[in-house]
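Undergrad: Pasting the sequence and the predicted coordinates here, then a few questions.
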Amino acid sequence: MGKADGASKLSAKDLYEQRKKYSNSNIIMHETSQYHVQHLATFIMDKSESIVTVDDAIRKLILLNSKEKIWTQEMLLQVNDKSIRLLDCESQEELEDFPLPTVQHCQTVLNQMRYSSILLLVCQDSEQHKPDIHFFNCDEVEAELVHEDIESALADHKHGKKIRPQTLKANQEKIKQRQSILPPPQGPAPIPIQHDMRGSGMNRNRVAPPSQHDPDYGRSSSSHDHEESRAMLAQKIEKETQILNCTLDDIEVFVAQLQKAAEAFRQLNQRKKGKKNKKKGPAEGMLTLRARPPSEAEFIDCFQKTKLAFNLLAKLRKHIQNPSASELVHFLFGPLELIINSCGGPELARSVVSPLLSKDATDFLRGHLTPKEINLWDSLGETWTRSRAEWPRDANIPTYIPKFRNGWEPPTEIFRGAPWEIDIGHLQEELSSANGYPYRNSSLKRGQAVDQTQAVDAFKQNVTQHGNRSFEVQGMALPKRYAKIRYDFTARNANELSVLKDEILEVLEDNKQWWKLLNRSGQAGYVPYNILDVVKLEEVEQSNQRYKGDLSPRGYGPSSPTHKLPASYAGDKWGSEMLSRSSPQDAKEQLIHQMDELNDELLKKIANNKIQPPHRNFKVEKPQEVFVPLTFESSTEEVKAWLEAKSFSKETVEHLGILTGAQLFSLNREELKKVCGDEGNRVYSKITVEKNQLEAGFPSSAIDEYKPLDATTNPSLILAAAQMPAYQKLMDDAVAYGKKLGGSEEEQIQNASDKLFVLFGAEILKRIPGRVSTEVDARLSFDKEGMIQRARRLIDLYKEVGIGKDRILIKLSSTWEGIQAGKVLEAEYGIHCNMTLLFSFAQAVACAEAGVTLISPFVGRILDWYVANGDKKSYEPSEDPGVKSVTKIYNYYKKFGYKTIVMGASFRNTGEIKALTGCDYLTISPKLLAELSKEHVKLTPTLSVKEAQACDLEKIHLDEKAFRWHHNEDQMAVEKLSDGIRKFAADAVKLDRMLKERMFSAENGK
């Protein structure tokens, strides 16, 4: 089967066996040679794909590799005196046959990416309008040897020579020498996670182990120990973390396999659509192999690993964060739904019995899943929703021991003693439910793994507070935490806990949406986090004093109801109390009605509280955290500020602070570890969280926090957002719109692009009171009529979604043509314009004379140029070149009465902002706003109309010749304007390619 990039490395033993197997695939006979290869991608040489030369194709492959979008497919490459054939490794079925006359070019690509030995072939037969470029990774025999073989075959065929036999003989000797030095297996497979594996391929671990030392991974020396030492507990947790990471890796690889198979199937169908005959076309054989779905056994393996992941997440939930266990559960349900749909429904998943889920796992899922996820989970039946404790004691459930793709074999005792394997639910019936200490059971069956059972409970007892990965030695008491209830809440199922307003309960778990609390009666259950507040120990003690002498069980304020709801209250399919009282349908309707009433009551109380918040006698002290965003558009300065805010070491800040946000996001775990050492794991975790938040629509919180008046978009921002899962609906809508309008391929892409910009703008306008700036394609920067036409088109599109032109600013590059286009749009069509990429005084004067609504002079970019090209590396705010430029423009506009708004943009520090207070508008990043909010200093305007009118400036007039001359005299402005246009245009091209891929399926590894 195919393999995904970034999958874990094989063990030494498996690597040896695989090489031994592949060495049998690498055969050189008299006229025929055969090599084991991995197909990486196939591209069509086409201008529309921006692939005109072989170098263009190599650059595209490198780009796909950097984005981890390459999916390898094993096959055999066979060379003879007539053709080059590709065969299926398993069936030996012929996939492709390239006659030697159709092979136009053969080349190697060495050491340019993670695949260090690549062979490429350019092939075109008589029926093809454009050639294909095929890339193969030569994983066993060097690409140079295969290249020499093919070149000699081509030369013999073309010139009638017989040089190939000598080439084959030399290659055969090299292969034999290589096989003779294959290393023998060196013992068992290594543990996948090691703290000093700087060069390892393990770059996809989502969860870091809590300990920071290298524990002994051997078995426990005694099976009768009743107490686990700290070191043994650490060892156990770390092993389970490794198992969880390997499990998540395998699930991700399987899902990627499904997605790539579906993509290959679509491409295959598209190639077949326009064909008049049934003859297999070029590249169809490889696509057929790639489109082959996984086997039933592979589906079952993935379902088993998904269940194992649920069990491990529930068990390790106190020890993992960034992302947390609850976040990882949500990430798993997306792939789970895809897998179920891919195999035609839930029937196959229902047949997967082992492993069952532990009671902790089922409780954890019911406490954290969304209604949609609950429905999906329930559809999988008893083998997924019924915990091991609820199955009969004598049920013959085989122990599940996973086999991982990376070859690592975890210790089997981890699974034989796991709570989802042993009958732990029946044992717990004999325990006291009030104290939560490890149980002692004298009735264990003979031969049962006592130490493993106690290890489970020692693990539960020694969990830490939320947010701390370290753990405590058994017997060391953790400080208790308490929460006070804001409103009454009635449990709706057996997992929830009924509570009363002002009641204070002990916090057992504090996951995101539901917190597990313990009341005075010893009952534990889940309560919504948004109806409680964490309180200090002093308030708990005061509450105890208030109720001193009260013989009721209230204790900490009012007491929650002491009855426990039966499992059947939640509609549990194994309960019968509710159903026995009435018909099943009546009971179900009664339940739904009761739950709806409770929900409505709770919502009313929450709504009332928002209007009149309840008076509280306590204050929860929280450390003030500075909000420093990290996005794909973050500058190097913003990346550095983010790293400092996250308290990374000085060395890490120095090493990574030179990258932009996009560059930082592109690094994987192993690359970060190479740069930052062990701290690379933490950097990777933090980056993953930021990326997930961005993909979920973050940082809209910055809009909510700072409440800006206006907002803007540009090709770079749209390109980044268009790649996030949260915005795929907008992408789909834009693509559908472009295809609906029809026309040429280019026209459809342009219409889809315009629609996408408008859809994003409309989303932003839902959150702000003012206007949004939408940019005209930077590739039209020197086309006046083209800009006018495109601007009017954008306004029409906004009108179609109910947004008037008064809320839109059309963003144009401040070229002469752009300024004149703005003049026409303002005067003749009443369309307001925002002139961007403005760096020179000449540009500002021309914009004022054109009567545009607003200009955006870039303060920080001007400073960047002077710092990079001059001897002076730092400036006082008043001497900052960007500040001086905007000050001059502001004074000129106010002195001569121009109405154009001056909006300073692109700030690098708060000093620049304070030096320009009084300017019409300033566009400030959330990071700098956060810094300003900490200073608590009243800002005094430094710019004013009165002072501007008194300044010594002369009014000038610029026609086209004068404008071009004056602008050309400013080297900084010329360079920054051209550089800005190029970058925005490049991002527009990328966005078009992305849309084209959606619309015409002409992207990625054909």
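TA: Nice, I can see it.
Undergrad: Secondary structure class of Asn681, three-state.
TA: Here Asn681 is recorded as helix under DSSP: H, G, I helix; E, B strand; the rest coil.
Undergrad: mean confidence score for the helix ranked longest in the chain?
TA: Counting residues, the longest helix in the chain under DSSP state H turns out to be helix 230-273. For helix 230-273, mean pLDDT is 78.
Undergrad: starting at the chain centroid, how far to the helix or strand just after that helix?
TA: The helix or strand immediately downstream of helix 230-273 is helix 284-290, counting by DSSP states H and E. Chain-centre distance of helix 284-290: 29 Å, with CA atoms, centre = their mean, to the nearest Å.
Undergrad: so what does helix 284-290 touch, helix or strand wise?
TA: Under the contact criterion of 3 or more CB pairs under 8 Å, 6 or more residues apart in numbering; DSSP states H and E, helix 284-290 touches strand 33-44, strand 71-79, strand 94-99, helix 230-273. In short, each C-beta sits where N, CA and C put it, glycine included.
Undergrad: Does anything pack onto whichever helix or strand comes after it? Which helices or strands?
TA: Past helix 284-290, further along toward the C-terminus, the next helix or strand under DSSP H and E is helix 296-316. Judged by 3+ CB pairs under 8 Å, 6+ apart, helix 296-316 is in contact with helix 230-273, helix 325-342, helix 347-350, helix 359-368.
Undergrad: Show me which positions of helix 296-316 end up buried.
TA: By 16 or more other CB atoms under 10 Å, the buried positions in helix 296-316 come out as 299-316.
Undergrad: One more: stretch 257-271?
TA: Residues of stretch 257-271 classed as buried: 257-258, 260-261, 263-265, 267-268, 271 (neighbour count, 16+ other CB under 10 Å).
Undergrad: between those, which is nearest Ile808?
TA: Closest to Ile808 out of the buried residues of stretch 257-271 is Glu263 (37.0 Å), distances taken as CB to CB.
Undergrad: Val527 touches Leu497, doesn't it?
TA: Yes - Val527 lies in contact with Leu497 (CB atoms under 8 Å); the separation is 5.6 Å.
Undergrad: Give me the common contacts of those two.
TA: Among the neighbours of Val527, those also in contact with Leu497 (CB atoms under 8 Å, 6 or more residues apart in numbering) are Leu517.
Undergrad: Same list (the buried residues of stretch 257-271) but as a markdown table, adding distance to Val852.
TA: Formatted as a markdown table, the buried residues of stretch 257-271 follow (distance: CB to CB, whole Å):
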| residue | distance to Val852 |
| --- | --- |
| Gln257 | 53 |
| Leu258 | 51 |
| Lys260 | 49 |
| Ala261 | 52 |
| Glu263 | 45 |
| Ala264 | 50 |
| Phe265 | 51 |
| Gln267 | 47 |
| Leu268 | 52 |
| Arg271 | 50 |
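Undergrad: Which of these sits closest to Leu991?
TA: Glu263 (20.0 Å).
Undergrad: and the closest one, how far is that from Lys961?
TA: Distance, Glu263 to Lys961, by CB to CB, to the nearest Å: 54 Å.
Undergrad: got the end-to-end distance for stretch 796-811?
TA: Counting by CA to CA, to the nearest Å, you get 15 Å between the two ends of stretch 796-811.
Undergrad: Kindly report the same for stretch 60-71.
TA: Stretch 60-71 has an end-to-end distance of 14 Å (criterion: CA to CA).
Undergrad: Now do the same for Leu809: helix, strand or coil?
TA: Secondary structure assignment for Leu809 (three-state DSSP): strand.
Undergrad: all helices for the stretch 1-150 of the chain, in order.
TA: Here the stretch 1-150 of the chain has its helices, by DSSP state H, counting those that start in this stretch, at 12-23, 54-66, 143-159.
Undergrad: Need the winner for burial among the ones you listed.
TA: Mean neighbour count, computed with mean count of other CB atoms under 10 Å, is highest for helix 143-159 among these, reaching a mean of 19.
Undergrad: what angle do that helix and strand 33-44 make?
TA: 90 degrees (axes from the mean of the first three to the mean of the last three CA atoms, to 10 degrees).
Undergrad: what sits up against helix 143-159?
TA: Residues outside helix 143-159 that contact it (CB under 8 Å, 6+ apart) are 33, 35, 37, 77, 79-82, 84, 100-101, 103, 106-110, 117-119, 121, 136, 138, 161-164, 166-168, 171, 174-175.
Undergrad: Next: stretch 648-665.
TA: Identification of contacts with stretch 648-665 by CB under 8 Å, 6+ apart yields 630-636, 638-640, 643-644, 675-676, 679, 682-683, 687, 690-691, 720.
Undergrad: so who does Ser351 touch?
TA: 300, 383.
Undergrad: Equivalent analysis for Thr815, please.
TA: By CB under 8 Å, 6+ apart, Thr815 lies in contact with 781-782, 977, 981.
Undergrad: Reformat the residues you listed into TSV and put secondary structure, neighbour count and distance to Val937 next to each item.
TA: Formatted as TSV, the contacts of Thr815 follow (DSSP: H, G, I helix; E, B strand; the rest coil; neighbours: other CB atoms under 10 Å; distance: CB to CB, whole Å):
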residue	secondary structure	neighbour count	distance to Val937
Ser781	coil	26	41
Phe782	coil	13	45
Leu977	helix	23	35
Ile981	helix	19	38
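Undergrad: of those residues, closest to Asp533?
TA: Taking CB to CB as the measure, Asp533 lies nearest Ile981 of these, at 53.1 Å.
Undergrad: The closest one touches Leu780, doesn't it?
TA: No - applying CB under 8 Å as the test, Ile981 and Leu780 come out as separate, 10.1 Å apart.
Undergrad: re the thing from before, for the helices and strands packed on helix 296-316, which one ends up most surrounded?
TA: Highest mean neighbour count of those: helix 359-368, a mean of 22 (counted as mean count of other CB under 10 Å).
Undergrad: now for that one, which elements pack on it?
TA: helix 296-316, helix 325-342, strand 514-518.
Undergrad: between the ones you listed, which one is nearest to Ala986?
TA: Across those, Ala986 has its closest neighbour in helix 325-342 (31.7 Å, CB to CB).
Undergrad: How far away from the center of its chain is that closest one?
TA: Mean-position distance between helix 325-342 and its chain equals 14 Å (CA atoms, centre = their mean).
Undergrad: now do stretch 319-339
TA: 12 Å.
Undergrad: Can you show me the CA trace of it as CSV?
TA: What follows is stretch 319-339, C-alpha atoms only, in CSV (Å, rounded to 0.1, in the frame of the first residue of the first chain):
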residue,chain,number,x,y,z
HIS,A,319,-1.3,14.3,31.9
ILE,A,320,-1.6,15.7,28.3
GLN,A,321,-2.3,19.1,27.1
ASN,A,322,-1.7,21.4,24.0
PRO,A,323,-3.8,19.8,22.6
SER,A,324,-5.7,18.4,25.6
ALA,A,325,-7.4,15.0,25.6
SER,A,326,-10.9,16.6,25.0
GLU,A,327,-9.5,18.5,21.9
LEU,A,328,-7.9,15.3,20.5
VAL,A,329,-11.2,13.5,20.9
HIS,A,330,-12.9,16.1,18.7
PHE,A,331,-10.1,15.8,16.2
LEU,A,332,-10.7,12.0,16.0
PHE,A,333,-14.4,12.2,15.3
GLY,A,334,-13.9,14.0,11.9
PRO,A,335,-11.7,11.1,10.6
LEU,A,336,-14.0,8.6,12.2
GLU,A,337,-17.0,9.9,10.3
LEU,A,338,-15.0,9.9,7.0
ILE,A,339,-13.9,6.3,7.6
